[in-house]
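[1] Okay, here's the prediction I keep looking at, along with the sequence it came from:
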Amino acid sequence: MSLLRLFRSKPAGEATPVQCPFCLQVSPAAPGLKQCRNPGCGEPLPVQYLRRYGEAPPLFLPMMGMPNAGKTNFLIAATVAVVSGNQFWQDLDYWPLTDETDAFIEKIERSMRTGVLPGPTEAKDIKKVYVLQLLRLPRWSNRTWVLRDVPGEHFKDRKIQKDQVPFVIHAKTSFLFFDLNGANEKAGNKADGMFERNIDRVFRAYIMGLEDHGVVFGDGNDRRVVVVLTKADQLDLPAHLKKYLWEDEHWDSAKRGTALTNGGAFFDDDAMARYMDRLRRVDAELKEWVVTQPGGRSLVSAAELTNRVELHFCMISAIPCGVQRSGQSFEPRGKWQQPLRILDPCYWALELNSRPAP
Ligand SMILES: Nc1nc2c(ncn2[C@@H]2O[C@H](COP(=O)(O)OP(=O)(O)O)[C@@H](O)[C@H]2O)c(=O)[nH]1
Ligand SMILES: [Mg+2]
Ligand SMILES: [Zn+2]
């Protein structure tokens with residue numbers, strides 16, 4: 001698609017209804033639409049969001065998980081990968097569409113220059129939504145990622161925070177972050193650890209939270225949950241999965257010229273197709289492994305048999321080799337600028353929500 005066409009296209013809103021990136025309600029087509037028409041929201045709709053609405057359709061992704069599951073570090077590391085994206089996707093262009101997203105990315109870019117891992121104070125959590133337009137991705141072309149942190153304090157009482165309900169209800173695909181290692185450790189130390197922390201508990205909280213708001217599962221509506229196993233550098237994985245994690249060819253691709261998995265070449269459509277084939281195998285292998293973990297089999301039953309939710313599994317390491325505390329700050333022991341398999345959850349989301357080939 002030519003740049004000229006991008007800029008000439010008519011903004012959505014005039015001709016088509018627009019789904020708000022903040023509340024996910026649809027505002028009917030209206031000339032000069034600038035704000036969400038949902039009276040409970042009324043947020044201004046970003047100009048580029050409207051302008052490229054048809055060409056870079058939004059992909060809404062709630063990031064759910066317990067506190068400390070690794071949600072914030074996923075967002076930081078996924079941003080690191082996108083801003084380094086030209087190293088593996090030749091023609092990528094990206095546009096942060098809200099001030100908050102722009103400020104978040106700027107802080108991360110600054111951290112990448114100084115080499116200091118952004119800590120809790122540098123990279124503040126995104127309060128509203130993270131809206132990033134990605135243009136000229138291989139395989140999936142143009143998409144606008146709309147991610148929202150759905151922190152898990154409320155998972156304990158199975159309630160989804162009121163202001164986040166519409167986002168979670170209307171999103172077809174959700175990310176469920178889980179730190180399996182931390183959970184197992186906690187379960188050993190704490191009498192109620194198992195109850196609070198098992199992977200199936202978090203999933204059940206998601207189901208019950210949505211059912212409280214009238215969502216009916218198992219009724220032919222296509223809900224997908226991508227289970228993201230975080231801090232995979234710390235997981236006691238089978239050897240083949242460990243190998244997959246650590247030999248992330250995104251970064252090999254950056255070191256062009258050597259004989260690497262992807263031949264040191266850019267990820268084009270063919271390379272992404274091969275990547276997705278492998279991701280599907282990893283999904284199946286991770287599932288096999290997760291059912292051997294506490295709560296794992298129960299998660300699969302609750303999702304697939306009872307509620308007909310399509311589950312996919314992937315794993316990430318936002319901070320390979322982990323962090324060590326030194327006083328108040330955290331020092332990464334590995335290369336935090338090269339997070340491992342960090343885009344796998346996003347690839348799943350893109351794949352599950354891509355339009356059928358023309
Ligand atoms: N070893 C390791 N630690 C991680 C990783 N991601 C996050 N952590 C640590 O886990 C803790 C919680 O992470 P955070 O992203 O703040 O979790 P959130 O509460 O879900 O947003 C922090 O102390 C991180 O340093 C990872 O990939 N590897
Ligand atoms: Mg957080
Ligand atoms: Zn809205």
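    Good, I have the coordinates. In this text the structure is predicted, and so the values were computed from the model without any measurement. Numbering: from 1, shown residues only. Ligands and ions are numbered 1, 2, ... in the order given.
[2] per-residue pLDDT, the nearest residue to V300 once chain neighbours are set aside?
    Closest residue to V300 apart from its sequence neighbours, by C-beta to C-beta, 6 or more residues apart in numbering: V291 at 5.9 Å. To be clear about C-beta, it is placed using only N, CA and C from the backbone, and glycine gets the same treatment. pLDDT for V291: 95.
[3] same check, this time on the one 10 residues further on
    At S301, the model reports a pLDDT of 94.
[4] wait, is it part of a helix?
    Yes. Residue state for S301 (DSSP: H, G, I helix; E, B strand; the rest coil) corresponds to a helix.
[5] Please look at the residue nearest to V300 and S301 and confirm they touch.
    No. Look at V291 against S301 with C-beta atoms under 8 Å: they stay out of range, at 9.4 Å.
[6] Please name the residues that touch the residue in the stretch 251-358 of the chain that ligand 2 sits nearest to.
    Nearest to ligand 2, among the residues of the stretch 251-358 of the chain, is A318, at 11.4 Å (C-beta to the ion). Residues in contact with A318 (C-beta atoms under 8 Å, 6 or more residues apart in numbering) are 70, 73-74, 76-77, 230-231, 336, 339, 342.
[7] Let me have those residues in a markdown table, extended by secondary structure, neighbour count and distance to L305.
    Converted to a markdown table, these look like this (DSSP: H, G, I helix; E, B strand; the rest coil; neighbours: other C-beta atoms under 10 Å; distance: C-beta to C-beta, whole Å):
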| residue | secondary structure | neighbour count | distance to L305 |
| --- | --- | --- | --- |
| G70 | coil | 24 | 28 |
| N73 | helix | 24 | 32 |
| F74 | helix | 25 | 28 |
| I76 | helix | 23 | 36 |
| A77 | helix | 26 | 33 |
| T230 | coil | 26 | 26 |
| K231 | coil | 23 | 29 |
| W336 | coil | 25 | 39 |
| P339 | coil | 27 | 34 |
| I342 | coil | 26 | 31 |
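[8] Run through these and flag the ones next to ligand 2.
    Among these, no residue lies close to ligand 2 (C-beta under 5 Å from the ion).
[9] quick revisit: check what pLDDT the residue of the stretch 251-358 of the chain closest to ligand 2 gets.
    94.
[10] From ligand 3, how far out is the residue nearest to V300?
    39 Å (C-beta to the ion, to the nearest Å).
[11] what about the stretch 151-300 of the chain, any weak spots by pLDDT?
    152-158, 184-197, 219-221, 253-264 (pLDDT under 70).
[12] what are the ranges of the strands in it?
    For the stretch 151-300 of the chain, the strands defined by DSSP state E, counting those that start in this stretch occupy 173-178, 224-229.
[13] Mind putting the ones you listed into CSV with distance to ligand 1 and mean neighbour count?
    Below are the strands of the stretch 151-300 of the chain laid out as CSV (distance: least, C-beta to the nearest ligand atom, whole Å; neighbours: other C-beta atoms under 10 Å):
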stretch, distance to ligand 1, mean neighbour count
strand 173-178, 6, 25
strand 224-229, 10, 25
